[in-house]
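Student: Structure, please.
(chains A and B)
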Amino acid sequence: MSHPEENTLGVIVGRPRRRESDATRRVIRAATPRRASLGTGFIGVGAAVVVGLRAIYGFVWFIGLWDTYPNPLPTLAAWAILIGVLVATFVFARVIGDQLPDWAFALFLTGLAGAIALDLYAIWPLHDIGRHATAAVTAGMALVVVVTLRRTADIVIAVCAVGVALLTAIIITTPLSEANLSSQITTLAFAVLPPIIAIVVVNGFRRLVQVELDRVLVQSTVSAPRFAVGMMASEELARLDLAAEELLDSVATGRARLPLDPKTASTAASLATELRLHLIEGRRETWLYHAITESDLLGKSVTLTDKGSLAGLLGPQQRDGLLSTAWLLLSDAVKGTATRTVQLAVGPAVASLESSDGRKIRIPIVITTTGVPRNRVDPATWEAIRKVGQYSDSTQNSSLRVDIQCLVDNPADQ
Amino acid sequence: MELIAKERDRLLQRTARIYGLSFTVVSLICLTIPDAVDSLAYFICLPLYLVLGFSQFRLGSSRSLVWVLLVVGCGLAAIIVAVTVGTGPSQAGISAIAQLSAASIASTAIVLTTQPTRRVILAASLVATCTVTTVLLAPHQPAVRTIALLVLGWTMATIIGFWISASVPQAARRIASIGRAHRAERQASETEAQRRQGARLLHDTVLATLTLLAHSGVGVAPDALRQQSADDARLLRQLRLGATPTPQSSGTYNLEGVEETVLGTTLESVKQRFGRMGLEVSWHGTGQVLLPSDVLDAFLLALAECLENVRRHSGVTEAHVTITDDETTVRAMITDAGVGFTLDDVDSARLGFTESVVGRLKEVGGRARLFSSPGSGTTVVLEVPR
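Tutor: The predicted structure is shown next:
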């Protein structure tokens, strides 16, 4: 066997999780050819509205200051460029599908730089950037429009550049005093803070989408049969079949000479072993196992002990409840989920005493956690647990422990 | 939807936190400029800013309205103190107040957009902030300017709140449709895996050939092995192209989708296949037994595995297979006159016996028994239900 560490059942050793995520990514790509538009497109429109409001306010401010300018025309030109660039970028990005190619982004930045330069040039002789900068400040905020369209690093660099430019201009032109210091600070803050806040919001939104996507994709295991193959199992089998076909074909056509060289022989041996494993062992895992391995969030922090594969007996409602419980316990963490873990132990089953006809069996499910204080548990969690069965909760090692008695139909009666 | 609403609230809270805290810090910096406000007012304002900042921080992780009210209350208190205590604000003080009222306090609007009661609080906060700030700043700057700035700040925060709230269900709908596509894909994957795993006979012959190749094909006539490989490659190609292979000449197996298959025809091809590999198989007994196809599959696999063991380990080139059947059972007895072995000495797992023979028969309700001793050959009895 050439790669003994490589188990192709889509499980256990090595790199199973990564592969499931590949499947997930592929599904997403298939379902949304325009990845950027998974909700962020709408956010982008909102950002444009906010920037538009800010631009109107800034422009009114500029009109109000018109008389104080030695020559207001460069600033007027700056405003024209700024508005033109904003409108063009917004429309262009919508038309080509919520994205902004590098050259368009470069053009956008050039426009902003031009607007800032013209505005600063016009107010240079006034020696008070903070009080008079209008188009330059709005240009900083204009970066908000492209926050959903570009990578975070791009925006951060651009924001820093705008901030440095304004700061330099202020230091060079403005004799700082107690009277005008506050307006300089305000100007700088209004130019730089909005894009940074927007980055935080959009990243939060993307995270939300990611988590929800993860959850929804895993949710599809709720309707899976008692034993199921993972998303990749059939592809793995197809891959093995193809490899076998090629090997056999090369033998049949004489490309591989008989008797085979040791390397080809060992390929044949490992193919045979993998195929056998797939055909014989491939269906031993339950939906819960697949749900946990396929999920980025659950995969990291949930360990499952289910020797008898009893989770497979749970009905859709109970599965939904169990999955939501794990989800709520983990996603609720204030800062990341690194310190929170959940251990699920299912079984062993006992014949139920509660039901009179004996058609049900009782499966004890024990949820132990680390880093989940009892009083920090979301109320929705208890509702989710109730869907699984009767429960009692306690605290173990200062973290939550839940014992659930889950009643399921006896598979022998079905 | 329940869960995503929670996620939405969390996002709104985080947004409000970063928005509010940033401008609180900027406002505090402006307030710290010498002579921004009376120094007594400054020292009264400091703890108010501290509580304000803490409340905004807590706002980021808690849904409780207490923090919202604390933000509005502390903010307004700081404004009142800054203007009324001592000499009143200078230009820097007015900037600090403007940032406090139009951005820092306004950040609460982001979390106040989701429910009717919250919207009422939002309106009340806006009116209170507007009134207090405009009235207090009236001697220092034109009321129009104060109101314009406040309206801008609060409108922006409100829009941000509404917009995020509105985009989350949109994204959720898209995600749900992706989820449906994924469910379909999972089912398709399951079906495909079943189709491939269901082609068991095909895989059995492929596995047998691969096993021969794994031993470099030693001990088998090259022509026979090439022929076998060509047959199996063709079957795999058919499977890959989506057809259910229905070979008659594959040597061993019949994959037609019939419920019951006559044993005899397929036995003949097993015999031919082993003939090519140098093991003479003689058949005895019933040739015309009808079996459900899954039972037949298991039966034939087990039979072929036993013959393969004879070929590899017995040291003889002849084996006898006797098929008998009664009302309930079909039975095959595979005997050879080879070297035999002590059952205790040989790990049956090493022969692949447990896995491929016993396991497979068990799946269809059958069983296998093994008799052997050194020097007196081996007999295997396979039984499957009819």
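Student: B:Ala109 touches B:Ala157, doesn't it?
Tutor: Yes - counting by C-beta atoms under 8 Å, B:Ala109 does reach B:Ala157; the two are 3.9 Å apart. C-beta here means a position set from N, CA and C on the backbone, and glycine is covered the same way.
Student: Excluding chain neighbours, give the residue nearest to A:Leu112 in space.
Tutor: Closest residue to A:Leu112 apart from its sequence neighbours, by C-beta to C-beta, 6 or more residues apart in numbering or on different chains: A:Ala139 at 4.5 Å.
Student: what's the neighbour count on the closest residue in space to A:Ser183 that isn't next to it in sequence?
Tutor: Excluding the flanking residues, the one nearest A:Ser183 by C-beta to C-beta, 6+ apart is A:Gly130, at 3.6 Å. The local packing of A:Gly130 (other C-beta atoms under 10 Å in any protein chain shown) involves 21 other residues.
Student: One more: the one 4 residues further on?
Tutor: Counted with other C-beta under 10 Å, residues neighbouring A:Thr134 total 26.
Student: Show me what the host helix or strand of the residue nearest to A:Leu112 is packed against.
Tutor: Using DSSP states H and E, A:Ala139 falls within helix A:135-142. With contacts defined as 3 or more C-beta pairs under 8 Å, 6 or more residues apart in numbering or on different chains; DSSP states H and E, helix A:135-142 has these neighbours: helix A:40-65, helix A:73-95, helix A:102-123, helix A:152-173, helix A:181-219.
Student: hey, which helix or strand in the chain has the poorest pLDDT?
Tutor: By default, I'm working from chain A. When each helix and strand of chain A is scored by mean pLDDT, DSSP states H and E, helix A:16-31 comes last, with a mean of 48.
Student: actually chain B
Tutor: For chain B, judged by mean pLDDT, DSSP H and E, that is strand B:260-262, with a mean of 45.
Student: low-scoring stretches of the stretch 151-300 of chain A, by residue?
Tutor: A:229-232, A:280-284 (pLDDT under 70).
Student: 50 - rerun?
Tutor: Along the stretch 151-300 of chain A, segments meeting pLDDT under 50 are nowhere present.
Student: Next up, the contacts around the residue of chain A found nearest chain B.
Tutor: Nearest residue of chain A to chain B, counting by C-beta to the nearest C-beta: A:Gly39, 2.8 Å away. Going by C-beta atoms under 8 Å, 6 or more residues apart in numbering or on different chains, A:Gly39 touches A:Phe205, A:Val209, B:Ser167, B:Val168, B:Gln170, B:Ala171, B:Arg174.
Student: Quick check: closest non-adjacent residue to it.
Tutor: B:Ala171 (2.8 Å).
Student: Quick one: mean pLDDT over the helix or strand that neighbour falls within.
Tutor: Per DSSP H and E, B:Ala171 falls inside helix B:143-198. Average pLDDT, helix B:143-198: 85.
Student: who does it touch, helix- and strand-wise?
Tutor: helix A:16-31, helix A:40-65, helix A:181-219, helix A:233-252, helix B:2-32, helix B:116-137.
Student: For the ones you listed, give me JSON lines that also has mean neighbour count and distance to B:Ala184.
Tutor: What follows is those, written out as JSON lines (neighbours: other C-beta atoms under 10 Å in any protein chain shown; distance: least, C-beta to C-beta, whole Å):
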{"stretch": "helix A:16-31", "mean neighbour count": "16", "distance to B:Ala184": "10"}
{"stretch": "helix A:40-65", "mean neighbour count": "19", "distance to B:Ala184": "25"}
{"stretch": "helix A:181-219", "mean neighbour count": "22", "distance to B:Ala184": "12"}
{"stretch": "helix A:233-252", "mean neighbour count": "21", "distance to B:Ala184": "14"}
{"stretch": "helix B:2-32", "mean neighbour count": "21", "distance to B:Ala184": "22"}
{"stretch": "helix B:116-137", "mean neighbour count": "17", "distance to B:Ala184": "39"}
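Student: Enumerate the residues of the stretch 51-200 of chain A near chain B.
Tutor: A:53-54, A:57, A:60, A:178-183, A:185-186, A:189, A:193, A:196-197, A:200 (C-beta under 8 Å from any C-beta of the partner chain).
Student: Where does the prediction get shaky in the stretch 201-350 of chain B?
Tutor: B:246-262, B:349.
Student: What of the stretch 1-150 of chain A?
Tutor: A:1-21, A:30-36.
Student: ok, the residue in chain B positioned nearest to chain A - contacts?
Tutor: Using C-beta to the nearest C-beta, the closest approach of chain B to chain A is made by B:Ala171 at 2.8 Å. Taking C-beta under 8 Å, 6+ apart, we find B:Ala171 in contact with A:Leu38, A:Gly39, A:Phe42, A:Phe205, A:Leu208, A:Val209, A:Glu212.
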